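A.B. asks: one predicted model, sequence on top.
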2 protein chains.
Amino acid sequence: MTGTESGAPRKQRADSRRNETALLEAAAAAFVASGVNAPVRDIATRAGVGVGTIYRHFPTRADLIVAVYRHQVEACAEAGPVLLAESATPHAALANWIHLFVDFLVTKHGLAEAMRSDDAAFQTLHAYFLARLVPVCAELLDAASTAGEIIPGIDPLVLMHGIGNLCIGADSPDYDARRMVELVIAGLRLR
Amino acid sequence: MTGTESGAPRKQRADSRRNETALLEAAAAAFVASGVNAPVRDIATRAGVGVGTIYRHFPTRADLIVAVYRHQVEACAEAGPVLLAESATPHAALANWIHLFVDFLVTKHGLAEAMRSDDAAFQTLHAYFLARLVPVCAELLDAASTAGEIIPGIDPLVLMHGIGNLCIGADSPDYDARRMVELVIAGLRLR
DNA sequence: AAAACATACGGAACACGGTTCCGTTTTTCC
DNA sequence: GGAAAAACGGAACCGTGTTCCGTATGTTTT
């Protein structure tokens, strides 16, 4: 027999795993269609499950968002060292990386808002993004600072928070988040 | 025939005016205590009126917010020309004025968020703020641009939108909105 | 194969905030 | 004083997020 001693926990049920992936797909679709605040019931319907199932798999909305965008955050994080190695100067690497981050944020309707929410439910989201990206940003800042290209003493956390804020409402036709971000990048430069 | 058809419409009832000022005071207090998203019922209770009365006087939350902060917005708007006349350079005037705007925003918990909301209910708020402040900002930008102190082609609307965004969450201990705003101001400078 | 058990499910029910509506009260004006 | 207009209050409604529990499904054991 499967000598599974009574100590080992049972493996996850098949339907549970199926529902989890169905939910991830449904959530991704709903996020594209209605932003990251798509109603819970919509997502449940898309996935063909009840609302309870969402909460069982993803206790908070932030958990769901993190799960949906995890690879993209990873990609952004991994791009940092690569850019540092390949760009002409550390400042250029920093600028390129920031633009990458902005690209990510502005294409996810409502993500920038969610990112900065102080709602306890979004704690996970905030924590994950920062844990993964702040060190990368710090490395780039350090390199540029050491190279004497930018003003010293910039806190990566503050910078990322600010960049995130600038991306809020980036889909409005009257606003230009990238322009503002460029001003910030220019402002970083040591003159 | 009442004969009043042609002449002046009836004057506003006394109780109505009383309630309106009571509401303004209650709202101001509620905004300080719980931010500009204080529950409607709270404000009604504070003012000692029913919720219906709020909606009769201020159809949208934005109307209420505008009414509460109107003088401060006016003060900010009027400060523009004064600063331009008194500051050492147009760029300094612009910087000072932006700091004034930031001071206003960061002391009104949740106002910056509300400012950028695309919710139709906040249309009035958005419209009023921009109508009043954008021209002032434009004047300052023009002066600094003409003096050759800043890069040309900055849209005052975009700049104000961005500054507003940077002030979101300014009460978090981990964030420093002013620092970010300073980066933007530095980024405006022509080098 | 069937029973026994653990796990997961669905969706009704609840909580909460904004908004509307209408019977009642208050004020104004003749 | 009395009728008409104006304003009031708050119950009721709606759309969301969230919880809970009886039921169904999958897994393990006999």
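C.D. replies: Great, that's in hand. In this text the structure is predicted, and so the values were computed from the model without any measurement. Residues are numbered from 1 along each chain as shown, chains lettered A, B, ... in the order given.
A.B. asks: packing partners of the top helix by length along chain A?
C.D. replies: Longest helix of chain A, by residue count under DSSP state H: helix A:61-86. Where contact means 3 or more CB pairs under 8 Å, 6 or more residues apart in numbering or on different chains; DSSP states H and E, helix A:61-86 is packed against helix A:14-34, helix A:90-106, helix A:111-116, helix A:123-146. Backbone N, C-alpha and C define where each C-beta goes, glycine included.
A.B. asks: return the distance of the helix or strand A:R56 falls within from the chain's centre.
C.D. replies: Using DSSP states H and E, A:R56 sits in helix A:51-57. Distance of helix A:51-57 from its chain centroid, counting by CA atoms, centre = their mean, to the nearest Å, is 22 Å.
A.B. asks: cool, and stretch A:126-139?
C.D. replies: With CA atoms, centre = their mean as the basis, stretch A:126-139 stands 10 Å off its chain's centre.
A.B. asks: buried deepest among the helices and strands packed on helix A:61-86, which one?
C.D. replies: Highest mean neighbour count of the helices and strands packed on helix A:61-86: helix A:111-116, a mean of 23 (counted as mean count of other CB atoms under 10 Å in any protein chain shown).
A.B. asks: is chain B contacted by that helix?
C.D. replies: Yes: using CB under 8 Å from any CB of the partner chain, helix A:111-116 comes into contact with chain B via A:R116.
A.B. asks: show residues contacting that helix.
C.D. replies: By CB atoms under 8 Å, 6 or more residues apart in numbering or on different chains, the list of residues contacting helix A:111-116 from outside reads A:36-37, A:61-62, A:65, A:69, A:105-106, A:122, A:125-126, A:129, A:161, A:164-165, A:167-170, B:168-169.
A.B. asks: again, only using 6 Å
C.D. replies: With CB atoms under 6 Å, 6 or more residues apart in numbering or on different chains as the test, helix A:111-116 has contacts from A:36, A:105, A:122, A:164, A:167-168, B:168-169.
A.B. asks: how about that helix as CSV, C-alpha atoms only?
C.D. replies: Presented in CSV, the C-alpha positions along helix A:111-116 are these (Å, rounded to 0.1, in the frame of the first residue of the first chain):
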residue,chain,number,x,y,z
LEU,A,111,-3.6,48.1,-9.8
ALA,A,112,-1.8,51.3,-8.9
GLU,A,113,-4.7,52.3,-6.8
ALA,A,114,-4.9,49.0,-5.1
MET,A,115,-1.1,49.1,-4.5
ARG,A,116,-1.4,52.1,-2.4
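A.B. asks: does it come close to DNA strand D?
C.D. replies: No: Helix A:111-116 stays clear of DNA strand D (CB under 7 Å from any atom of the strand), getting no nearer than 11.4 Å.
A.B. asks: okay if I get the helices and strands packed on helix A:61-86 as CSV plus distance to B:D176?
C.D. replies: Output for these, formatted as CSV (distance: least, CB to CB, whole Å):
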stretch, distance to B:D176
helix A:14-34, 30
helix A:90-106, 18
helix A:111-116, 14
helix A:123-146, 15
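A.B. asks: perfect, I'm done here.
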